[in-house]
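Peer 1: Need coordinates for the below:
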Amino acid sequence: MLQNNSVLAQLKQQIRDTTPRAEGVIKGTEKGFGFLETDGGDSYFVPPPAMKKVIHGDRVEAVIHENGDKKSVDPEKLIEAGLDRFVARVQKREDRLAVVPDHPSIRNVIKARIKRSLDESSINDGDWVVARLVRHPLKENDRGFFAQIDELVAKADNPAVPWRVTLARHALEQASPEAGSDWPLRDEGLTREDLTAESFFTIDGEKTRDMDDALRITTREDGGWDLSVAIADPTAYVDEEHAADLEARVRAFTVYLPGQNVTMLPEQLADDLCSLWEGKTRPALACTLTVHADGSLGDYRFFAAEVQSHAKLVYDRVSDWFDGQGDWAPADNIGEQLKALKAMTEARTAWRNEHALVFKDRPDYVFELDEAGNVLAINTEERRIANRMIEESMIAANACCADYLAANIGHGIFNVHRAFEPEKAEAAQEFLAGQEITVGLEALTELEHYKELKRALESRDDAWLDARLRRFQGFTSMSAQPGPHFGLGLAAYATWTSPIRKYGDMVNHRLIKRVLKGEQAPAEASQALTEQLTERRRLNRMAERDVKDWLYVRYLTPAAENQEVFEAEIMAINRGGMRVRLLANGATAFVPAPLMHADRDKVVIDDKEGRIQIEGEERYKLGDALRVALTEAREETRSLVARPA
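Peer 2: Numbers count the residues shown, from 1 in each chain. Got it, this is the predicted structure:
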């Protein structure tokens, strides 16, 4: 008997060894079938019965079946589950409980139980919850999918659902931290220079409460400027071991969402004690720096101070004043400074255009909401002169910080951005060669050569080339060691100008203070911390995007019902169609291939090249401008669908 079992096992192993297999990630569709996408770029059909054993995102090993020239797969082994912790909606039918994951590509209805510590009667049909997948049919001894509900996120009728659900999805905090109400000013052994009589001013949005930068500027006799930047000083109140600091380290950033901010520090600090309110004396970390007439930076000096803002200015009013619009005007002593700051900004921008790099201006889209969270309007805010004045001042101050930390300590929290990761540089070089742009690898990996290439590419004003090249480019990360910031064209960049909103800036404040006091610097920030800062920034941006997508769908539902037409630009092309941005409000919509032509077979999409042919002629490419009509607004997936107009 044992011998027979051994022979049977050997036969099964032989069959397994000779059966063709594929490993890849499951991609689900709305129609019940799916695809297995391999790392090598192959795609296999997964029929509906086989899809019942997997979930979109699962990495699996599957058996390949061939039927003539058609291939399909049957998932056999789970390598990595695509679903672990997830947000879902509850389905409650009499005594049966299930959850439906809140994901556009997942339609599975998963049986569930409620965590013992939760009150089962408090969770009802349609409520939003956080759940965990605890059983999977491809796991040994698991017969099907099963989940546990760990947390109630929001009741079905809660008007704050878009915010609550989005924050829960990304495991971000739902509210600002609570950390007591007693905040004495700490004795740090620093001598603070009294600048309260100096006419510092702030420029922010009209509703901004966490004001962390104030400026003062004077014109030099040689034609340059002396710019003083005073930055709010939360580390004057918060010690490294304080609970508020430990919480800020976890949060890493303030989360800015339409209609709601979730602060990194307790609101009493962020919006009151540290905020540079007009007429209030505040502790500050300051830097006075020289900007030469040609826009280059000269000497600088960091020091601790006490400051008082003499005017709370608003971006639009300042810009209107320069444009000769509106009836607002600053006090004379502030007005002269604004004129000097504008002149400095223009000189500094010209210098960066020639010696560094300047981002192309894109408008901001600002949501106007009522108290219930309904969108009343979406306003387009261009990057006007007042915005640029603050932006140039902060870039200059942060460049000084990077130099100061590198020279005096050798480490800190630096923003490092390499235009092309080493593993993608050769592919980018080949792509450019295909566009008859011959460059050496140093143009993609060395800052000085890259700046020359970037200026040359921008002079071509080719939206398709710019969009295609982004596929090869890297992201900004936080690093304890100085490194180049290719996006800004600077050898190093370290922010210290937003310590109310960014934990990395608090770290840099403490390092600057160590130098000022002549103390030995601590060990450099751990890789765990820099990775935490990088990841939190990514999650915050995703949360902002997700809330906006939800609000866009609600706001544009009437436009979709009326097939309203919008000017748009193509921002992405994939095998199923193209994604466009509506220029009037910043919303993104998907244009599926079947809506481009009645005969889908006449639509040929080259997603790698970012081009679409219809009836043999190129019709669309990345970066193109076009007009689209909205056709659907789907709140369940927070997506807009459009067709070419």
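
Peer 1: Low-confidence bits of this structure, can you list those?
Peer 2: Along the chain, segments meeting pLDDT under 70 span 1-18.

Peer 1: For the chain, just list every one of the helices.
Peer 2: Here the chain has its helices, by DSSP state H, at 2-18, 48-51, 161-169, 243-251, 267-268, 315-322, 332-355, 385-408, 422-434, 442-445, 447-460, 463-469, 503-517, 527-561.

Peer 1: Would you tell me which of the ones you listed gets closest to Met478?
Peer 2: For Met478, the closest of the helices of the chain is helix 527-561, at 4.2 Å, according to Cβ to Cβ. (Each C-beta comes from the backbone N, C-alpha and C, glycine too.)

Peer 1: for that closest one, which positions count as buried?
Peer 2: The neighbour-count check on helix 527-561 (16 or more other Cβ atoms under 10 Å) flags 529-530, 532-534, 536-537, 539-540, 543, 546-553, 555-557, 559-560 as buried.

Peer 1: Over to stretch 320-331?
Peer 2: Neighbour counts over stretch 320-331 (16+ other Cβ under 10 Å) mark 320-321, 330 as buried.

Peer 1: any idea which strand is longest in the chain?
Peer 2: strand 297-314 (DSSP state E).

Peer 1: That strand packs against which elements?
Peer 2: In terms of contacts (3 or more Cβ pairs under 8 Å, 6 or more residues apart in numbering; DSSP states H and E), strand 297-314 is packed against strand 193-194, strand 200-204, strand 281-291, helix 332-355, helix 385-408, helix 503-517.

Peer 1: May I see the buried residues of it?
Peer 2: 297, 300, 302-314.

Peer 1: for stretch 451-466, same thing?
Peer 2: Neighbour counts over stretch 451-466 (16+ other Cβ under 10 Å) mark 451, 453-454, 457, 464-465 as buried.

Peer 1: can you list contacts of that stretch?
Peer 2: The contact list for stretch 451-466 (Cβ atoms under 8 Å, 6 or more residues apart in numbering) reads 356-357, 360, 419, 435, 437, 439, 443-444, 469, 489, 569, 610, 621-624.

Peer 1: Tell me if I'm right that Ala559 and Leu630 touch.
Peer 2: Yes: the criterion here is Cβ atoms under 8 Å, and Ala559 meets it with Leu630 at 5.1 Å.

Peer 1: joint contacts of those two?
Peer 2: Shared contacts of Ala559 and Leu630 (Cβ under 8 Å, 6+ apart): Phe566.

Peer 1: show me what contacts the nearest residue to Tyr365 once chain neighbours are set aside?
Peer 2: The shortest distance from Tyr365 to any non-neighbouring residue, by Cβ to Cβ, 6 or more residues apart in numbering, is to Gly586 (3.5 Å). By Cβ under 8 Å, 6+ apart, the contact list for Gly586 reads 363, 365, 378, 380, 548.

Peer 1: and the first one, how far is that from Glu381?
Peer 2: In this case it means Pro363. Look at Pro363 and Glu381: by Cβ to Cβ, to the nearest Å, they are 6 Å apart.

Peer 1: now swap in the second one and tell me
Peer 2: For Tyr365, the distance to Glu381 equals 8 Å [Cβ to Cβ].

Peer 1: So which of the two has more stuff around it?
Peer 2: When Tyr365 and Glu381 are compared for neighbours, Tyr365 comes out ahead with 17 against 13, by other Cβ atoms under 10 Å.

Peer 1: The more buried one pairs with what?
Peer 2: Beta-bridge partners for Tyr365, by DSSP bridges, are Thr380.

Peer 1: Would you agree it is in contact with Asn379?
Peer 2: Yes: the criterion here is Cβ under 8 Å, and Tyr365 meets it with Asn379 at 7.3 Å.

Peer 1: what is in contact with the two at once?
Peer 2: Counting by Cβ under 8 Å, 6+ apart, nothing touches both Tyr365 and Asn379.

Peer 1: circling back: which pair of the buried residues of stretch 451-466 spans the longest distance?
Peer 2: Largest separation among these by Cβ to Cβ: Lys451 and Trp464, giving 22.2 Å.

Peer 1: rewinding a little: give me the subset of the contacts of stretch 451-466 lying in strands.
Peer 2: Among these, DSSP E puts 569, 621 in strands.

Peer 1: Any quick ChimeraX command for the buried ones out of the contacts of stretch 451-466?
Peer 2: Of the contacts of stretch 451-466, the buried ones can be selected in ChimeraX as follows, counting by 16+ other Cβ under 10 Å:
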select :356,357,419,437,439,443,444,469,489,610,621,622,623,624
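
Peer 1: quick one: the residue nearest to the spatial centre of the chain from Ile390, how far?
Peer 2: Nearest to the geometric centre of the chain sits Arg541, at 2.7 Å (Cα atoms, centre = their mean). Between Arg541 and Ile390 the computed distance is 21 Å (Cβ to Cβ).

Peer 1: Nice, that's everything, thank you.
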